[in-house]
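Student: Need coordinates for the below:
(one chain, ligands or ions: 1)
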Amino acid sequence: MDSKSSSYFASDEIAAGNAAYADALGRVVDRTRELLLVAGLRNPRIGEAGGGTRWVWCEGYDWVMGFFSGQLWLSFQLSGDPVFSGAARARRAQFQWVLDNRRAQDHDLGFLFSLHSVADWRMTGDPAAREMALAAARILMSRFREEGGYIQAWSPSGPDDRARSKFANGRMIADTMQNLALLHWAHRETGRQDFREVADGHAATTARYLLREDGTSFHTYVFDPATGEPLRGETHQGYADESCWSRGQAWLLHGFAQCHAATGAAEWLDAARKVAHRTEALMGESAVPVWDFALPADGTHPVDSSAGAVMAAGLLLLASLTEGDEAARWRAFGERCLDGLLASCDLTGDPTAQGLLAHGAAFVHSGRSDTMLPYGDYYFMEALMRAQGHADFFW
Ligand code: GLY
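Tutor: Presented below is the predicted three-dimensional model:
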C-alpha cells in the first residue's frame, strides 16, 4: 500500500487488513475526489450506453440520487477531508426538494435519506440533517398498508393513468428491505414505537411472501389493494415471475442482515441466513452473479456487478453478526464476491473512468446492462470497508 492510500485509514490496525482491499479503497477515495471536480452538484444516474466510462447524470428526482452522497460521506469518514462533507452538504437543497414534493416520494426515501441526511447527522451532528431524516422517515412510514402489512413501493401517477395505478397499488418489492434502515434509525432516535412496528411488519410480510421456501425470492408480490389478500408473485426487473433476480436476492440478504443488526431479533438473522445459504448454491463457481439466477452463468448472459457489490456488503455484515465457522463461511463468500468485482469489474485503475465498477445490469429487459451504476459503486465501497473491519455506516 502506498503512503498516500494509507492516510485514508483512521487506524493502522484497519489499514493493515488486506493490502489489496486497502489499496482498492485508497483508489476509490481518489476517484471520488476526482469525480467531484467533474460532477459539481450533479449525481450519477447510469453509465453511458455501450459500456462507456462516463456518467449520465440524474435530472431532478431519481431513486439513485443519494448513492453519491453516501460515497462522499464514507470518503469523509475515511479521510477527514472537508471537501467531501462540503460536497455532500451542498446537495441538501436537492433532498429538501424531495421532502417538499409529494410526487417525488416513494419507498426509496430510505436509500436517499439514510445516505444523505442520516449520514450528515452522524458525521457532523447537524440538527437540520436529523430533522430532514425524521421527516423522510415519517413519510416512509405512512406508506405502510395495514391491509396486507407492507410498505407500498411505488406510487400511482394520477387519474389519467389507470394502468400505472393498477401496477403500483397493492405491490411490495424486494428492494424495500434496504429502505427499512431509515425507520430503524428513526425508532432509535425518537423512541417512537410506530417506526419499529412498520419496519417489523414489512420485514415479516417480506419473509412470508417474497422469500420462497427454498431461499430464492420473487422480485415483487401483489396484494388486493382493498382487502390485502395475497395474490401472486411477479417479476418487474427479473427474467420471469418464477425466477430469482440476483439484485433482488441481494437486497433481501443485506436487508434482513440489517434488520437483525438494528433489532437483535432472531427471525431476521434466520431469514438472512436462509437467503445467503441459497445464494451460495445459486452462485456455483461464479464470483460475479449473472443478472438472474434462472440463467446459466456461462458468459452468454450479462452479469450484474451491482448485485455482487450489495451481496458482498451484506455477506460481510452477516459475518460480523455471527460467530465461529459460520462467520468464517459468510466472510469467505463475501470476499469471493469482492474479489470477483476486483478481478473483472474494477475501474479504479482506469484514469478515464468516472465510476468505480463496470458490468452492472440496471434493467436488462429495457436494454440497460453492461453499465456503471451508482449503487454498484456505493456498495462496492461499503463492502471494501466492511472487509477492512469498518463498522460505522449510515444504515
Ligand atoms: N431499486 C431498484 C433496483 O434495484 O433496480
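Student: Show the contacting residues for the residue of the stretch 1-150 of the chain found nearest the ligand.
Tutor: Nearest to the ligand in the stretch 1-150 of the chain, going by Cβ to the nearest ligand atom, is Trp63, at a distance of 6.0 Å. Yep, even glycine has a C-beta here, placed from its N, CA and C like the rest. Applying Cβ atoms under 8 Å, 6 or more residues apart in numbering, we find Trp63 in contact with 106, 108, 111-112.
Student: hey, which helix or strand in the chain has the poorest pLDDT?
Tutor: Among the helices and strands of the chain, helix 3-6 carries the lowest confidence by mean pLDDT, DSSP states H and E, at a mean of 38.
Student: what residues are up against the closest residue to the ligand within the chain?
Tutor: Per Cβ to the nearest ligand atom, Asp175 is where the chain lies closest to the ligand, at 3.8 Å. Going by Cβ under 8 Å, 6+ apart, Asp175 touches 107-108, 153, 247-248, 251.
Student: so which of those residues are also by the ligand?
Tutor: Contacts with the ligand within these, as defined by Cβ under 6 Å from any ligand atom: Arg247.
Student: Let me have the contacts of Asp175 in a markdown table, adding neighbour count as columns.
Tutor: A markdown table is the format used below for the contacts of Asp175 (neighbours: other Cβ atoms under 10 Å):
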| residue | neighbour count |
| --- | --- |
| His107 | 24 |
| Asp108 | 23 |
| Ala153 | 19 |
| Arg247 | 29 |
| Gly248 | 28 |
| Trp251 | 27 |
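Student: For the stretch 151-300 of the chain, which residues are neighbours of the ligand?
Tutor: So the stretch 151-300 of the chain meets the ligand at 175, 237, 247 (Cβ under 6 Å from any ligand atom).
Student: now, which of those lie within helices?
Tutor: In helices, judged by DSSP state H, the following of those are found: Arg247.
Student: Can you lay out the residues of the stretch 151-300 of the chain next to the ligand as JSON lines showing pLDDT?
Tutor: Below are those laid out as JSON lines (pLDDT from 0 to 100):
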{"residue": "Asp175", "pLDDT": "98"}
{"residue": "Gln237", "pLDDT": "98"}
{"residue": "Arg247", "pLDDT": "98"}
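Student: If we only consider the residues of the stretch 151-300 of the chain next to the ligand, which is nearest to Asp200?
Tutor: Of all these, Asp175 has the smallest distance to Asp200: 18.1 Å, by Cβ to Cβ.
Student: which residues of the stretch 201-350 of the chain fall in helices?
Tutor: 246-263, 266-283, 305-321, 324-344 (DSSP state H, counting those that start in this stretch).
Student: Please tabulate these in JSON lines and include distance to Gly233 as additional columns.
Tutor: As requested, those are exported to JSON lines (distance: least, Cβ to Cβ, whole Å):
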{"stretch": "helix 246-263", "distance to Gly233": "11"}
{"stretch": "helix 266-283", "distance to Gly233": "15"}
{"stretch": "helix 305-321", "distance to Gly233": "19"}
{"stretch": "helix 324-344", "distance to Gly233": "26"}
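Student: wait, which of these is closest to Leu72?
Tutor: Ranking the helices of the stretch 201-350 of the chain by their distance to Leu72 (criterion: Cβ to Cβ) puts helix 305-321 first, at 17.3 Å.
Student: list the helices and strands that closest one packs on?
Tutor: helix 246-263, helix 266-283, helix 324-344, helix 374-387 (3 or more Cβ pairs under 8 Å, 6 or more residues apart in numbering; DSSP states H and E).
Student: Compile the ones you listed into TSV and extend it with columns for distance to Arg192.
Tutor: Listed next are those as TSV, based on distance: least, Cβ to Cβ, whole Å:
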stretch	distance to Arg192
helix 246-263	14
helix 266-283	20
helix 324-344	32
helix 374-387	27
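Student: wait, which of those helices is closest to Thr216?
Tutor: From those, taking Cβ to Cβ, the stretch that ends up closest is helix 266-283, at 5.9 Å.
Student: average pLDDT for the closest one?
Tutor: Computed over helix 266-283, the mean pLDDT rounds to 98.
Student: Could you find the closest non-adjacent residue to Arg42?
Tutor: Using Cβ to Cβ, 6 or more residues apart in numbering and skipping the chain neighbours, the partner closest in space to Arg42 is Trp57 (4.1 Å).
Student: pretty sure that neighbour contacts Leu41?
Tutor: No - between Trp57 and Leu41 there is no contact under Cβ atoms under 8 Å: 9.7 Å.
Student: Compare these two (neighbour count), which wins?
Tutor: Each of Trp57 and Leu41 has its neighbours counted (other Cβ atoms under 10 Å); Trp57 has more, 17 against 10.
Student: ok, that one to Pro44 distance?
Tutor: The gap separating Trp57 from Pro44 is 6 Å, by Cβ to Cβ, to the nearest Å.
Student: What is the end-to-end distance of stretch 44-52?
Tutor: Start-to-end span of stretch 44-52 (Cα to Cα, to the nearest Å) is 13 Å.
Student: average model confidence for it?
Tutor: For stretch 44-52, the mean pLDDT works out to 96.
Student: Now do the same contact list for Tyr375.
Tutor: 64, 67, 111, 306, 309-310.
Student: Kindly report the same for Ala281.
Tutor: Contacts for Ala281 (Cβ under 8 Å, 6+ apart) come out as none.
Student: measure it to Cys244 for me?
Tutor: From Ala281 over to Cys244 the distance is 11 Å, taken as Cβ to Cβ.
Student: Present the contacts of Tyr375 as a markdown table; the columns should include neighbour count, pLDDT and distance to Leu74.
Tutor: Shown next, in a markdown table, are those (neighbours: other Cβ atoms under 10 Å; pLDDT from 0 to 100; distance: Cβ to Cβ, whole Å):
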| residue | neighbour count | pLDDT | distance to Leu74 |
| --- | --- | --- | --- |
| Val64 | 19 | 98 | 16 |
| Phe67 | 25 | 98 | 11 |
| Phe111 | 24 | 98 | 15 |
| Ser306 | 30 | 98 | 17 |
| Ala309 | 33 | 99 | 13 |
| Val310 | 31 | 99 | 15 |
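Student: Please consider this matter closed, and thank you.
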